[in-house]
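Engineer: here is my input; please provide its structure:
(2 chains)
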Amino acid sequence: MSAPTLDRSADAPVAAPVLDEAALQAHFDATIAADHRVEPRDWMPEAYRKGLVRQIAQHAHSEIIGMQPEGDWLLAAPSLRRKAVLLAKVQDEAGHGMYLYSAAETLGADRADLTDKLIEGRQKYSSIFNYPTLTYADCGVIGWLVDGAAICNQVPLCRSSYGPYARAMIRVCKEESFHQRQGYELLMTMMRGTDAQRAMVQDAVDRWWWPSLMMFGPPDDDSPNSAQSMAWGVKRHSNDELRQRYVDMSVPQAAALGVTLPDPELALDPETGRYRFGQIDWAEFKQVISGNGPCNEERVSRRRAARDDNAWVLEAATAYADKHAS
Amino acid sequence: MSEPTTPSAGETTAEGGHGAVPTGPDIPSGAEPTAANTRRDWPLYEVFVRGKRGLNHVHVGSLHAPDDEMAVHAARDLFTRRNEGVSIWVVQANDITASSPDEKDPMFAPAGDKVYRHPTFYEIPDDVPHM
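Structural biologist: Reported below is the predicted structural model:
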């Protein structure tokens, strides 16, 4: 597209704007410095693009794989109301995955290719979804603690420097609020029930609390990518800052619910007004993330089966569209 | 595709909403579109939703569908699960003509020096009412 200048004669050479890499980089840097958003067709450093694709793809994969732990309870949820709520929630997770895959596509990634990479173990998803949902209380705890941690991570991403990612996160965050509240309400209902139900809630909290803290990633001094990611405005707060914020929010929620968080070192620091907490088992985290968690194999093999066994649906839809186009 | 298939147990971060994943240099990003990517592909549609009567349709995102009708159905499921809209438009992304790849483009420059198109360009005494 050229400028509408007045003095261009037919044979005058049209000067294409020659922008060298340094000028493009300077323009990109200025956009970031002004806290403006980067949009799909802007020039961007290759590392920024690649980092975003990896981040958005793993986020999308997490939403898609994240349907499984709770999906296991769709048929077993104890009432029609609970089934309807759980179904709506699991459907939302699928929607979140779709928003994110389309954001990744604006950067040149291919959706089917990303799914293949997930299935082949070449791209990852959140470690949290490799833990099993052993009881129905786990559905409540996932809503409260796991989606609560996701909200802590995701709210700042609504201001991510990459426009399509930030816009997808705004939609996601609106819906996550329902996820967290339905989980907490489920737990409150169980806590008003029998001793056995209360014990079931406490057991679920005991199993999910530490993995939830791991969702924020390794400590800041062991997170070498964070600095660049924050400089680019892709990420807005450090892992430890977000984790601390999450602990501070969760402690009063646990008290209101009447459960104990499984950490004897958890205590209010009167000087900072924030909660100190115990040492996270990073060895476990590394085991789960590298494929040795309780459910890694099941999660990926189900995703593979969904791709392969349902391929005929896509083929049928394509055939139908072709037939009606002619 | 000849990228390494061994997962890395190396570096991890919590970037992205749902928690930590490895981000070591040996985790490929998959950013480059290739010829092989054209398999299974349905056209990309851009989706516009009218939030309620009296408002414009606004771009909300994109999706893939085999044809226009399926695109509308998928858009309903994906973007209006909570009464977010009363009307949906879908259009194949390929059919959109866009102004320019970049805000540096001279396309919008001609408007830059025409300050007289704005009401604040004209000085009117403060005591003139209703202006």
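Engineer: so what secondary structure elements neighbour the longest helix seen in chain A?
Structural biologist: If you go by DSSP state H, chain A has its longest helix at helix A:163-191. Counting contacts by 3 or more CB pairs under 8 Å, 6 or more residues apart in numbering or on different chains; DSSP states H and E, helix A:163-191 is packed against helix A:80-105, helix A:137-141, helix A:147-157, helix A:195-214, helix A:239-257, strand B:57-64. Where you see a C-beta, it was placed from the backbone N, CA and C, and this is true even at glycine.
Engineer: average pLDDT for it?
Structural biologist: Across helix A:163-191, pLDDT averages out at 95.
Engineer: now the angle from it to helix A:195-214?
Structural biologist: Interaxial angle of helix A:163-191 relative to helix A:195-214 (axes from the mean of the first three to the mean of the last three CA atoms, to 10 degrees): 160 degrees.
Engineer: helix A:163-191 vs helix A:239-257, what angle?
Structural biologist: When the same axes, to 10 degrees is applied, the directions of helix A:163-191 and helix A:239-257 differ by 30 degrees.
Engineer: buried residues in helix A:163-191?
Structural biologist: Buried residues in helix A:163-191, counted by 16 or more other CB atoms under 10 Å in any protein chain shown: A:163-169, A:171-173, A:175-176, A:178-180, A:182-184, A:186-188, A:190-191.
Engineer: follow-up on the earlier one: make JSON lines out of the helices and strands packed on helix A:163-191 and add distance to A:Glu39, mean pLDDT and mean neighbour count.
Structural biologist: Below are those laid out as JSON lines (distance: least, CB to CB, whole Å; pLDDT from 0 to 100; neighbours: other CB atoms under 10 Å in any protein chain shown):
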{"stretch": "helix A:80-105", "distance to A:Glu39": "12", "mean pLDDT": "96", "mean neighbour count": "20"}
{"stretch": "helix A:137-141", "distance to A:Glu39": "38", "mean pLDDT": "98", "mean neighbour count": "26"}
{"stretch": "helix A:147-157", "distance to A:Glu39": "17", "mean pLDDT": "94", "mean neighbour count": "24"}
{"stretch": "helix A:195-214", "distance to A:Glu39": "34", "mean pLDDT": "98", "mean neighbour count": "19"}
{"stretch": "helix A:239-257", "distance to A:Glu39": "26", "mean pLDDT": "97", "mean neighbour count": "17"}
{"stretch": "strand B:57-64", "distance to A:Glu39": "12", "mean pLDDT": "95", "mean neighbour count": "18"}
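Engineer: centre of the chain to the host helix or strand of A:Lys50, how far?
Structural biologist: A:Lys50 is part of helix A:46-65 when elements are defined by DSSP states H and E. The chain centre lies 9 Å from the centre of helix A:46-65; the measure is CA atoms, centre = their mean, to the nearest Å.
Engineer: also stretch A:249-261?
Structural biologist: On CA atoms, centre = their mean, the centre of stretch A:249-261 falls 24 Å from the chain's centre.
Engineer: please apply the same query to stretch A:256-270.
Structural biologist: 26 Å.
Engineer: what of stretch A:149-157?
Structural biologist: That offset, for stretch A:149-157, works out to 8 Å (CA atoms, centre = their mean).
Engineer: alright, I will stop here.
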